[in-house]
Structures are given as structure tokens and as C-alpha cells.
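K.L.:
Generate coordinates for the sequence data below:
(2 chains)
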Amino acid sequence: MKVALLQGGRSLERGVSLRSGARVAEALSDIGHEVEVLDLGPDLVAKLEGIRPDVAFIALHGTEGEDGTVQALLDLLDIPHTGPGVAACQRCMDKSLAKHILRENGLPTPNWVTYSEAAIRDFGAASSFQRAVDTVGLPLVAKPASQGSSLGVKVVTRAEDIPGALMTALSYDNRAILETWVSGRELAVSVLGDQVLPIVEAIPTDNNAYDFEARYEIGGASFVCPAELSDEDADEVNRVALAAYNALGCSGFSRVDLILGDDGPQILEINAIPGLTETSLLPQAAEAAGVEFEAMVARIIDLAL
Amino acid sequence: MAAPPPPRRPQTRSKDLERYASLFAKRTRVMRSSAMRDMMAITARPEVISLAGGLPDTSTFPPEAFAAEMDRIAKTSVAEVLQYGPTEGIDLVREQIAKVMAAEDMRIDPMDVTVTTGGQQAIDLITKVLIDPGDALICDAPTYPGAIPTFCSYEADIIQIECDSDGMKIDILEQTLAELAAKGRKPKFIYSVPTFQNPGGATLSLERRHRLVALAREHEILVVEDNPYGLLRYEGDPLPTLYSLDGGNYVVYLGTFSKILSAGLRIGWIVSPTPIREKVVLGKAASDLCTSTLTQDFAGEYFKKDRWREYVDDLVAIYRNRRDAMVGAMSEYFPHGTTWTKPEGGLFVWATLPDVIDTEDLLAKALTKGVAFVPGTGAYVDGRGASSMRLNFSGVKEDEIIEGIRRIGKVAREHLALYETMTGTDEMRLPPRPEDPEEER
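P.N.:
The predicted model follows:
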């Protein structure tokens, strides 16, 4: 089959995307597909029209690739693509919207407040910070409403640090959320088609509970898959994760990140197009389920058609 | 007929990663490929104006001069340039290095020169032969960002001494040396780029040069003088190098052809007293046996001709204009409260924005506007520099410099305005600092 592999782009996660892409390209050609690698640019549509691929494999992360922009173009060009559709991408990419949908569906997610740059700049939203603290409590996590990985994420332990943390979060998006910090075990549940893959637990090494960037490094966290959980806990985590995946309308594959605290699992976010690099969690989970990377890539393609 | 595809290494699995993670030496833990670094992947896109590099503009080198050297090599010395060479470098190059150093009033014996694979290897070798894990070394604050990973990989205890527009503050150095001595410690060396410093752009004043050399003698500490930019002076009178003030007893000199000829040739050098040179040569043999004989031959013959001075003059004229364009654009576009250096030479301007701006945050915004710079924290080991940035003017043409600075200025002003809106309101009443046992870092 002729597969257009979309990677790179101008998102801040370009680097991760290129690593995902390289790995996927290799797997695609190993399983016998004809691969055309495309870095997103002004000639994307022209190139896709020229190639007319049977399917597009989207190995893009962050804005444009993961927010439905590219998916909408592919729909218009009548080219099937991997991963969730336009609407699901938009819902996942917008953490605030995703959390509203989760709540509406009775699914657990930490309390939060959303601030847009405009609200702060034009409507004096800063004078509501105290209310925000009352709503979400301390410590809280400030994060951009729409970025993946650890970019722009800060833990706030003192109310007076909110402006600084919001400045950081708003550097990565024009909206930010302040979310209750939930302490507990960090879990990721990947879903491939209708299959819930084994739960991955990330255990930060050393004292870097608040250092999101450290986890990004090889050796910065250790990953256990399948996570060692009681049957009840595992069942509940899987139930909640699959319900979140469905509630947001995901298809193909996605990854649900949760914290398992004293009050059960709390959903942090759903990654419409999770990383596919060597350190990424979806491939680890697939592997633990006995699905090797090539087989996973093949399955992702099948699900797109 | 198409060749069959090469065999592939198997895909790395997550269990392999765990295995590798357990294999890595502790020193690699400081070598981070952080999210920030990943973010810089965007600078590879053609539409991005990168003021983040430290690149000389090699497009200015005359192709006919290049062709003439390669032609000569093809006709006369193919066998030699395809062969290994002496670890310390070929004699012709060492002689030419002595000549280039003479242009900055240094008199050296070519036999004291070790040719290295770029200036970076010079830093690496000196650190390798002098630093045991935990040994103290002193450097500028900010220091050359590329030196930090090298120092860290040898597990040095890095002590940074604050700089101002006259370079390293020698009073603080003196005090630091005394404090270390009181604890029975002595740094192995003081690393500095005294002339047109990377990243700060500052030049160590003559008075401080004398004092630094005197302190080195008094405390019997080596000074490693890294001087990649000395010949790229756009105005003012040259100052004597530390090496020439000291005569080479306590000062080890690092040089490079990267900024006056080519970074791609990878030729740098170390001038050091014989005992150090002998160790450096052993260290180099262990690293790479010798620097490319092909590029050494090219550079050696190139510097034999006096044309090299003209090329440096050309570069100086080009870079001076670019510096002026950058500094001029900064006055126009950067927010009030920003300070920056106006370097008399070198490749970099160092700007410090109002301290509520974190330049790593600003970089994220700037990248989405298609412009990149180096956030200041990379030049420190202790988190300082968060409001500063390094801007390179040598690798980008004037119109792009101006446009890049305009975009950075715009995002910085927007950023600042947002912060002021957030913190300037009277209604904002935040509670007193809560008890917080969990704040660890």
C-alpha cells in the first residue's frame, strides 16, 4: 500500500514527531508498504494530491497535527488517516473542553479553572486568582490548555506564584488551565482499536515529583508495564480510561493519562496521537500485550481503512 | 539496477531502554536532551530565523580559493592527506598557528602547539587531563554554553564568577579563591573567554587581565584562555591576551580556525607548557589519534599565504554591519528595561530582559513566530540567566536580523504587558504564603 507518513511540522513538538516518524517509517517499509515521508509545509496539499496515498499515517504531535487541522484536510482530500478524527482531535487537544466532556459523562477528572490570555488582558481576570485557588486548592498544576509532553507545565505551591506559572503556560498556548494537583500513581492506558492495552506506570526516579522535564529523559523515570495494581484498581482504571476514550470520540488509537490517588483514578488528559518513539508509552503497552511495534503499526493502518 | 536495501538494526524495544538506562554512567545524567532542546528542532525549518547558532558565515569564503587548495592537494599530496598524521598535528599547521597568534602579539614556539579537532576538543582535552571527579574549576558567569556539558562529563565542580561589561569580576574571583583555600580547596583551573566573550559579548579590561594573571601566579592556578574571536574586532584597540601577559607559565591558550576560516575544517589548538602538552597529546591519542590530515593540509597552506588577513578583514566588515543592525533593531524593538551588550567584536549580543520574563517561555512564543535564540540559563549551571538570551549576528543577513529582533521584541512586549496586567491589579488579594512541606526543589 502507498502510505504518506506525515511528520515534523511547525509544532513545538516537532522533535518528538520526527522521532516517532522515523520509527514508524522503518516499520511501515518493513511490513511492505511504500512509504512517502512528508514534512508539513506549504506544499502539503499539492504533495498529497500528487502522491494520492492509500492512507496517511499521522505521526504529528502538538498543534496542527494533533488538533484536527491536518485531519480535516485529509478528509477533504478523501485520504483515510490513522488515529482519531477531526472532532475527537479537537476535543482531546483542548484540555478544558476534554475535562468538561469527561465531567458531563460522569468521569473523574481533577477540578480546574481555565484562563485565556484575553480574559486576563482584557477582562481583569487576574483579580479572580483567589477564587481559582479556592476552587482547585494548592498545590495546583498550571499547564497550557493545548500542548503535549511537559512543555509549559509548572506546579504551584504558593498562590503568589500563579502569575509566573500562568505566564509560562500562556507562552505555549493562548489558554491555560489551573488544575488540582492529585498525588498518586501516574498511569497511562493506551487504547488500540477496541483493545485496552496493559497499564503503564511511570515511576519518577529521585525526588523529581514536580520536575516534569526530568521524566522526559531516558532514566528520568522507570516504567512498569503492566503496572502492578490490584485487580479492582486495574479494572476501575481500565473502565474509566475506555469510557474517556469513547466519551471523546476517539478511534484508531489514543492514550489516556491518569493519576490513581486515594479516591480512585482521576483522568488528566487524553492524547489523541501519543508519542511513538522508543521512550513512548503506547509502544511499551503494545509490547507488553505481545504486539510488536511493526504489528502495532500494521494494526493502526488497518484501523484507518 | 537498484542496490538491495541495507539490513536494518532491529527496532529498539522498551525493555532495551530499561537495559540501556541501567548501563549509562552517572555522568551522563547531566547530559540532558531536554524538552527545550527538542523544541529547538523547529529552527531547522527554512522559514525560521535562527539567532540561536554561533555560525560563521562560510558563504563569504571565495570558492576559487577553495578550489585552488583542493587542486593543489590533488596534484601534490594525495597520499599524505589520506594518511594518519602525528597526534600533535602536522608541523606546517603548528607553524601557521604560531603566525596567526603573532597577529595578536603572542610569541610562541610551534612545538608547544597541539592541534585539536576544533576548539571544542581543546576544551575537552584540557578538562580531561586536569579534572578528577569533584575537582573545582572556575569559569565566567555566564560562560560558553558548550563548555558546560564538557565540564559536567568530567564531573567537575563548576564555580561561576559573575561578569559585568569589563568581564569576570576579579574581586569576586579573589574572594572565591580565598574561600576555597579556607576549605583546603584549590580549583584546577580558571576557564575564561576574555575577549568578546561567548555568550556575554564582554571583554575583560586590561586592569582585570593583569590582576587575573597575577592571581593565577599567586595561587598557582592555571588559567585556560579560550580566544576564538580575538581577531574579529569591529572597533577599539586590541588588548593583550592573557597568554601574552603571562608568557605561557600559568596560562594555557586555546585557539581555533573556526571563526576566521572555517568551522567545518574542525581545527583548533592548545598552547601549553610541555608537561601539560605531553598529557594532552596522550589524551588526544586516546580520543581520535589525530586531527584530519586533509583539513590540516588545507589550512596550513591557506595560512601560508597572506591572503588570510584579507579574508578576516572581509569578515570583520560583514559582521560589524550585522552587529550594528542587531543592536540598532534592539533599541527600536525591545521593551523598556532591557539591557544588552554592544560587543566590540565576536559573534554575540547578550540581552537581559526585565526579570519577570523567563526567556525559556519567551522562546516558545518566539518559535511560533519563526525566530529562535538561546535562553540564558544554558550559560549557567545554577539556574541563573533566566531573563537573559544570547543572540548571534554573524550567521544571518541584516534584513533577517532586523526582522528577527522585531519579532522577539514584539513577543517580549506582549509578554510583559500580560504580566503587568496580571500583577498590577489592586483587586488581587492573594493569601499569605501557606505552610508548604512539599516544596522540595
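K.L.:
Get me the contact residues on the stretch 1-150 of chain A for chain B.
P.N.:
A:10-16, A:18, A:23, A:26-27, A:29-30, A:41, A:117, A:120-121, A:124, A:126-127, A:129-130, A:133, A:138-139, A:149-150 (CB under 8 Å from any CB of the partner chain). Every residue, glycine included, has its C-beta placed from N, CA and C.
K.L.:
Sort out for me which of those residues are in helices.
P.N.:
Counting by DSSP state H, those place A:14-16, A:18, A:23, A:26-27, A:29-30, A:117, A:120-121, A:129-130, A:133 in helices.
K.L.:
Can you tell me which of the residues of the stretch 1-150 of chain A next to chain B are buried?
P.N.:
A:10-16, A:18, A:23, A:26-27, A:30, A:117, A:120-121, A:126, A:129, A:133, A:138-139, A:149-150 (16 or more other CB atoms under 10 Å in any protein chain shown).
K.L.:
hey, which helix or strand in the chain has the poorest pLDDT?
P.N.:
Here I'm looking at chain A. The helix or strand with the lowest mean pLDDT-type score in chain A, counting by mean pLDDT, DSSP states H and E, is strand A:221-224 (a mean of 82).
K.L.:
That was the other one, I meant chain B.
P.N.:
helix B:35-39 (a mean of 65).
K.L.:
Show the secondary-structure elements that the least confident helix or strand of chain A is packed against.
P.N.:
strand A:200-204, helix B:14-23 (3 or more CB pairs under 8 Å, 6 or more residues apart in numbering or on different chains; DSSP states H and E).
K.L.:
list the helices and strands the helix or strand just after it packs on?
P.N.:
Per DSSP states H and E, the first helix or strand lying C-terminal to strand A:221-224 is helix A:231-247. Here helix A:231-247 touches helix A:95-104, strand A:185-192, strand A:195-196, strand A:253-261, strand A:264-271, going by 3+ CB pairs under 8 Å, 6+ apart.
K.L.:
What ranges in the stretch 151-300 of chain B fall below the confidence cut-off?
P.N.:
Scanning the stretch 151-300 of chain B for pLDDT under 70 picks out no residues.
K.L.:
Now do the strands in it.
P.N.:
Secondary structure of the stretch 151-300 of chain B, counting by DSSP state E, counting those that start in this stretch: strands at B:157-164, B:167-168, B:189-192, B:222-226, B:251-256, B:268-271.
K.L.:
Find the residue closest to the residue nearest the centre of chain A in space, skipping its chain neighbours.
P.N.:
For chain A, the residue nearest the mean C-alpha position is A:N271 (2.2 Å; CA atoms, centre = their mean). Nearest non-adjacent residue to A:N271, counting by CB to CB, 6 or more residues apart in numbering or on different chains: A:R255, 4.5 Å away.
K.L.:
buried stuff in the least confident helix or strand of chain A?
P.N.:
A:A221, A:F223, A:V224.
K.L.:
nearest to B:G230, of those residues?
P.N.:
A:A221 (45.3 Å; CB to CB).
K.L.:
I figured that closest one hits A:V200, correct?
P.N.:
No - A:A221 is beyond contact range of A:V200, at 10.5 Å (criterion: CB atoms under 8 Å).
K.L.:
now the helices for the stretch 151-300 of chain B?
P.N.:
B:170-182, B:206-219, B:242-246, B:274-288, B:293-304 (DSSP state H, counting those that start in this stretch).
K.L.:
just so I know, which of those helices lies nearest chain A?
P.N.:
helix B:274-288 (24.5 Å; CB to the nearest CB).
K.L.:
Output the contacting helices and strands for the closest one.
P.N.:
Using 3+ CB pairs under 8 Å, 6+ apart, helix B:274-288 is in contact with strand B:113-116, helix B:118-130.
K.L.:
Next, the angle from the longest one to strand B:251-256.
P.N.:
Between helix B:118-130 and strand B:251-256, the angle formed by their directions is 150 degrees, by axes from the mean of the first three to the mean of the last three CA atoms, to 10 degrees.
K.L.:
quick one: contacts of helix B:118-130?
P.N.:
B:114, B:116, B:137, B:146-147, B:150-151, B:154, B:156, B:188-189, B:191, B:222, B:224, B:226, B:228, B:252, B:254-256, B:258, B:263, B:266-270, B:272, B:276, B:279-280, B:282-284, B:287-288 (CB atoms under 8 Å, 6 or more residues apart in numbering or on different chains).
K.L.:
Check the shortest one too.
P.N.:
Strand B:113-116 is contacted from outside by B:87-90, B:93-94, B:97-98, B:122, B:125, B:267-272, B:277, B:280-281, B:284, B:291, B:296, using CB under 8 Å, 6+ apart.
K.L.:
Render the CA-only coordinates of stretch B:291-306 in PDB, please.
P.N.:
Taking Å, rounded to 0.1, in the frame of the first residue of the first chain, the C-alpha atoms of stretch B:291-306 are listed here in PDB:
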ATOM      1  CA  THR B 291      43.000  15.600  13.600                       C
ATOM      2  CA  SER B 292      42.200  15.200   9.900                       C
ATOM      3  CA  THR B 293      45.300  15.500   7.900                       C
ATOM      4  CA  LEU B 294      43.300  16.600   4.900                       C
ATOM      5  CA  THR B 295      41.900  19.600   6.600                       C
ATOM      6  CA  GLN B 296      45.200  20.400   8.300                       C
ATOM      7  CA  ASP B 297      46.900  20.400   5.000                       C
ATOM      8  CA  PHE B 298      44.300  22.700   3.600                       C
ATOM      9  CA  ALA B 299      44.500  25.100   6.500                       C
ATOM     10  CA  GLY B 300      48.300  25.000   6.700                       C
ATOM     11  CA  GLU B 301      48.800  26.000   3.100                       C
ATOM     12  CA  TYR B 302      46.000  28.500   3.200                       C
ATOM     13  CA  PHE B 303      47.500  30.400   6.100                       C
ATOM     14  CA  LYS B 304      50.900  30.300   4.500                       C
ATOM     15  CA  LYS B 305      49.600  32.900   2.000                       C
ATOM     16  CA  ASP B 306      48.900  36.300   3.500                       C
END
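K.L.:
Please identify the buried residues of it?
P.N.:
B:291-303.
K.L.:
contacting residues around that stretch?
P.N.:
B:65, B:69-70, B:72-73, B:77, B:80-85, B:89-90, B:92-93, B:95-96, B:99-100, B:115-117, B:257, B:261-262, B:265-267, B:308.
K.L.:
how far out from the middle of the chain is that stretch?
P.N.:
Distance of stretch B:291-306 from the chain centroid (CA atoms, centre = their mean, to the nearest Å) equals 23 Å.
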